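Colleague: Model the structure of this input:
(one chain, ligands or ions: 2)
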Amino acid sequence: MNAISAVIPAKNEEKTIAKVISAVRSKADEIIVVDGYSSDWTREIAEQEGARVVLQTKKMFPGKGNAMKTGLDVAKGDIVVFVDADMESIQPDWITLLLQPIIRGEADICKAEYKRGPTDAPVTKLVAKPLLKALYPNLNVHMPLEGEIAARKSTFEKLEFREDWGIDVGLVISAHKQGFRIKNVFLGEKIHKPSYIEDIAELTPMAENIIKAILDSKNWEMIQEIKEQVLKEISTKTSSRELAPGLTMLDVQK
Ligand SMILES: Nc1nc2c(ncn2[C@@H]2O[C@H](COP(=O)(O)OP(=O)(O)OP(=O)(O)O)[C@@H](O)[C@H]2O)c(=O)[nH]1
Ligand SMILES: [Mg+2]
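Modeller: Ligands and ions are numbered 1, 2, ... in the order given. Next comes the predicted model:
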């Protein structure tokens with residue numbers, strides 16, 4: 001059987017939750033919104049739109065991972081697709097594209113990949129990707145922090161669910177370690193609530209959760225063994241170098 005559950009973690013997403021639910025509606029047999037104790041109208045709107053609304057099990061923030069695990073536990077479908085609640089550009093066919101390879105048995109996990117603006121997704125670009133490249137050079141996931149991911153419920157049940165912002169990267173690392181086939185699914189341009197309002201430092205807690213999730217997933221003795229290789233990976237393109245004969249400092253300045 002291929003019954004589909006869509007699980008939408010949401011905290012204070014009254015502006016976009018209706019749009020997300022309606023994009024998912026025709027593609028899922030049930031829609032579960034897992035609310036993180038929103039103080040706006042998210043829960044009420046989600047109910048009006050016909051979603052089943054549950055509260056995440058722990059009153060914690062950030063609790064995105066706790067919300068996703070809560071949704072997985074109550075989902076009745078054979079296949080589960082997680083979708084962020086702040087997606088302004090979401091289209092119904094994005095859900096189809098994420099589900100098809102799972103239904104056809106061509107992949108175990110489908111992970112969304114988007115075009116993101118030049119200043120969007122800083123934690124992906126500056127933290128997650130360089131660190132993953134160094135510690136997991138064979139992990140072929142283009143956008144490790146995207147929230148949209150699909151798999152059979154039985155597959156998700158084998159993965160480690162972190163409770164905070166580390167959830168998304170943690171899931172793909174856990175899947176990679178267990179040898180699941182992960183497929184990147186390109187969906188187009190992602191427009192969503194800006195990741196920060198004024199100061200990029202607002203993303204520090206998220207960046208710290210991501211670093212912790214990646215480092216936690218490694219055995220430290222193993223890191224010691226691969227240290228030289230890791231440092232080389234991180235610095236190949238960016239380390240300082242002596243100028244070649246004939247070049248002046250002006251040649252290497254921006
Ligand atoms: N239930 C619940 N949902 C949360 C929590 N934190 C974030 N979410 C939801 O998780 C989804 C992703 O969170 P965002 O704030 O969009 O994360 P982001 O910073 O935009 O990350 P990117 O989209 O990758 O840039 C959204 O639907 C949020 O409402 C939480 O503590 N509890
Ligand atoms: Mg977002």
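Colleague: Tell me, how many residues neighbour Val83?
Modeller: 26 (other Cβ atoms under 10 Å). C-beta coordinates here come from the backbone N, C-alpha and C atoms, glycine included.
Colleague: isn't it right up against Val7?
Modeller: Yes. Taking contacts as Cβ atoms under 8 Å, Val83 lies within contact range of Val7: 7.5 Å.
Colleague: List the buried residues for stretch 187-194?
Modeller: Residues of stretch 187-194 classed as buried by neighbour count (16 or more other Cβ atoms under 10 Å): Leu187, Lys190, Ile191, His192.
Colleague: I misspoke; the intended subject was stretch 138-146.
Modeller: So stretch 138-146, judged by 16+ other Cβ under 10 Å, has buried residues Leu139, Val141, Met143, Pro144, Leu145, Glu146.
Colleague: just stretch 80-96 next, same as before
Modeller: Neighbour-count burial for stretch 80-96 flags Val80, Val81, Phe82, Val83, Asp84, Ala85, Asp86, Met87, Ile90, Trp94, Ile95 (criterion: 16+ other Cβ under 10 Å).
Colleague: closest to ligand 1 among the buried residues of stretch 138-146?
Modeller: Leu145 (4.6 Å; Cβ to the nearest ligand atom).
Colleague: ok, the closest residue to ligand 2 within the chain to Gly117 distance?
Modeller: Using Cβ to the ion, the closest approach of the chain to ligand 2 is made by His192 at 4.0 Å. Separation of His192 from Gly117 (Cβ to Cβ, to the nearest Å): 10 Å.
Colleague: For Lys183, which three-state class applies?
Modeller: With DSSP: H, G, I helix; E, B strand; the rest coil as the basis, Lys183 sits in strand.
Colleague: overlap between the buried residues of stretch 138-146 and the residues near ligand 1?
Modeller: Among the buried residues of stretch 138-146, the ones lying near ligand 1 by Cβ under 6 Å from any ligand atom are Leu145, Glu146.
Colleague: Would you mind pulling up the elements that the longest helix belonging to the chain packs against?
Modeller: Assignment by DSSP state H gives helix 220-235 as the longest helix of the chain. The contact analysis (3 or more Cβ pairs under 8 Å, 6 or more residues apart in numbering; DSSP states H and E) places helix 220-235 against helix 129-135.
Colleague: is whichever helix or strand comes after the helix it packs on up against ligand 1 anywhere?
Modeller: Counting by DSSP states H and E, the next helix or strand C-terminal to helix 129-135 is strand 149-152. No. Using Cβ under 6 Å from any ligand atom, strand 149-152 stays clear of ligand 1, coming no nearer than 11.9 Å.
Colleague: got the CA positions of stretch 225-241 in CSV?
Modeller: C-alpha atoms of stretch 225-241 as CSV (Å, rounded to 0.1, in the frame of the first residue of the first chain):
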residue,chain,number,x,y,z
GLU,A,225,42.6,9.4,12.2
ILE,A,226,41.2,11.4,9.3
LYS,A,227,42.3,14.8,10.7
GLU,A,228,44.9,15.5,8.1
GLN,A,229,42.5,14.6,5.3
VAL,A,230,39.7,16.7,6.9
LEU,A,231,41.9,19.8,7.2
LYS,A,232,43.1,19.4,3.6
GLU,A,233,39.5,19.1,2.4
ILE,A,234,38.5,22.3,4.3
SER,A,235,41.4,24.4,3.1
THR,A,236,42.2,23.2,-0.4
LYS,A,237,40.7,26.2,-2.2
THR,A,238,40.9,28.8,0.5
SER,A,239,44.2,28.5,2.4
SER,A,240,46.7,31.2,2.0
ARG,A,241,49.5,30.4,-0.3
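Colleague: what's the pLDDT at the residue lying closest to Thr96 once chain neighbours are set aside?
Modeller: Spatially, and ignoring its direct neighbours in sequence, Thr96 is nearest to Lys27 (6.2 Å; Cβ to Cβ, 6 or more residues apart in numbering). Looking at Lys27, its pLDDT is 98.
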